[in-house]
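In: Sequence plus the predicted model coming up.
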Amino acid sequence: MIKMAQFHHIKFLHEVEGLSQRQIAQKLGISRNTVSKYLKQNEAPTAIHRQKNYHGKEYSDETKRV
């Protein structure tokens, strides 16, 4: 995930400087697909940390017998 400042830099380079997605990707050293993804968004990405949910698999009694 890119930082908020980089998101705004991508928007600036595209809208103000008039650079293409490929030129922005080369200039910033990121994927062209990443540039495209963030240009489609209207709001900057936020750092929401999701809780990872590690649930163990539930097995029947038959599979527990090994």
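Out: Good, I have the coordinates.

In: Show me what the lengthiest helix in the chain packs onto, helices and strands only.
Out: Under DSSP state H, the helix in the chain containing the largest number of residues is helix 4-15. If you count contacts as 3 or more CB pairs under 8 Å, 6 or more residues apart in numbering; DSSP states H and E, helix 4-15 packs onto helix 21-28, helix 32-40. Glycine gets a C-beta too; all of them are placed from N, C-alpha and C.

In: Contacts made by that helix with the rest, please.
Out: 2, 19, 21, 23-24, 27-28, 30, 35, 38-39, 41, 44-46 (CB atoms under 8 Å, 6 or more residues apart in numbering).

In: Pull out the buried residues from these.
Out: Buried by 16 or more other CB atoms under 10 Å: Ile2, Leu19, Gln21, Ile24, Val35, Tyr38, out of those.

In: Now for the contacts of helix 4-15: which two are most distant?
Out: Gln23 and Thr46 (26.9 Å; CB to CB).
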